[in-house]
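Novice: what would the 3D arrangement of this be:
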Amino acid sequence: MRILVIDDDIELCSLLKEYLQREDYSVKCIYDGRHGLDEAQKPGYDLIILDVMLPGIDGFEILKKIRENGRIPVLMLTARDEDIDRILGLELGADDYLGKPFNPRELLARIKAILRRSEGTTNRGPIEVSAVILDPAARTVYADGHSVELTTLEFDILEQLMRSAGRELSRDNLMESLYGRKATPFDRSIDMHVSHLRKKIGNRIKTIRGVGYQFVKATEDGAQP
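Specialist: Now for the predicted structure:
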């Protein structure tokens, strides 16, 4: 697995590279925004670790460009107390975020959770519910006959919801399955991604207050109940 780290903290990058290489990841570090964006647009990386505060171009601009061209998983590094950075990162399509300073073990756990979601999809068959077709092997989604571009995490959330169509899925279950951790009262990541999904596939995902979400099955005449 190849990981690109874009962060201007040279010492942190050196420590992360040494730590992740011991876990058998191949790591390349870039220390400024412009070169980081150029490198991020090259093929071959499995995940990008992206700091928000960068010289040249900030992490949000880089994330926008990445999402214009592909769905590679992106884990953003934010200042621990800057909730607005985390919310904006999720709105722009980040798969997860981690506040600085952080424990390398926590970073490794987040990386493994993100990469695990991308593995083993070829053995799962396509799903069709309410005029939405999702193919895990091809990583494609069609809604009402039109192709829909989703980020890695949006795709994985949609797959979980569609495979449980008609049943309620709690936020805790989604967090545990997709992130490998429990939801906290202030963790809005699942909510943000579901909001994005609604904009892209229509209002097929229902919020169950106090519980979580449900992918709504269409009635026999094709209408949403």
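Novice: centre-most residue in the chain?
Specialist: D95 (2.2 Å; C-alpha atoms, centre = their mean).
Novice: who's in contact with the longest helix seen in the chain?
Specialist: Taking residue count as the measure and DSSP state H as the definition, the longest helix of the chain comes out as helix 104-118. For helix 104-118, contacts defined as C-beta atoms under 8 Å, 6 or more residues apart in numbering pick out 1, 3, 15-16, 19-20, 23, 25, 46-47, 49, 73, 75, 95-96, 98, 152-153, 156, 178-181. Placement of C-beta: from N, CA and C, glycine included.
Novice: where does pLDDT dip in this structure?
Specialist: 80-82, 118-123, 181-187, 219-225 (pLDDT under 70).
Novice: quick one, helices of it?
Specialist: 10-22, 33-40, 59-69, 83-91, 104-118, 152-163, 171-179, 189-201.
Novice: for ChimeraX, write the selection for the buried entries among the contacts of helix 104-118.
Specialist: Buried members of those, defined by 16 or more other C-beta atoms under 10 Å, are picked up in ChimeraX with:
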select :1,3,16,20,25,46,47,49,73,75,95,96,98,152,153,156,178,179
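Novice: per-domain residue ranges of this protein.
Specialist: The record assigns the chain these domain ranges, following automatic domain parsing: 2-118, 121-215.
Novice: which among the helices of the chain is found nearest to D144?
Specialist: For these, distance to D144 was read as C-beta to C-beta. The smallest value, 8.6 Å, belongs to helix 189-201.
Novice: how far does that closest one sit from the chain's center?
Specialist: Here helix 189-201 is found 11 Å from its chain centre; the criterion is C-alpha atoms, centre = their mean, to the nearest Å.
Novice: how much does it deviate in direction from helix 171-179?
Specialist: Comparing the axes of helix 189-201 and helix 171-179 via axes from the mean of the first three to the mean of the last three C-alpha atoms, to 10 degrees yields an angle of 80 degrees.
Novice: got the angle for helix 189-201 vs helix 83-91?
Specialist: Interaxial angle, helix 189-201 versus helix 83-91 (the same axes, to 10 degrees): 40 degrees.
Novice: just checking, what packs against helix 189-201?
Specialist: helix 83-91, strand 140-143, helix 152-163, helix 171-179, strand 205-208 (3 or more C-beta pairs under 8 Å, 6 or more residues apart in numbering; DSSP states H and E).
Novice: can you point out the buried residues in it?
Specialist: Along helix 189-201, the positions that meet the burial threshold by neighbour count (16+ other C-beta under 10 Å) are 189-190, 192-194, 196-197, 201.
Novice: swap in stretch 127-147?
Specialist: Along stretch 127-147, the positions that meet the burial threshold by neighbour count (16+ other C-beta under 10 Å) are 127, 129-130, 132-136, 139, 141-143.
Novice: before we move on, what about stretch 52-62?
Specialist: Across stretch 52-62, burial judged by 16+ other C-beta under 10 Å covers 52-54, 57, 59-60, 62.
Novice: equivalent analysis for stretch 35-49, please.
Specialist: By neighbour count on 16+ other C-beta under 10 Å, the buried set for stretch 35-49 is 36-37, 40, 45-49.
Novice: list just the nearest of those residues to E11.
Specialist: I49 (15.1 Å).
Novice: verify the stated contact: the closest one with D9.
Specialist: No - look at I49 against D9 with C-beta atoms under 8 Å: they stay out of range, at 11.6 Å.
Novice: for L134, give me its contacts.
Specialist: Residues counted as contacts of L134 (C-beta under 8 Å, 6+ apart) are 126-128, 140-141, 155, 158-159, 162.
Novice: this completes my enquiry, with thanks.
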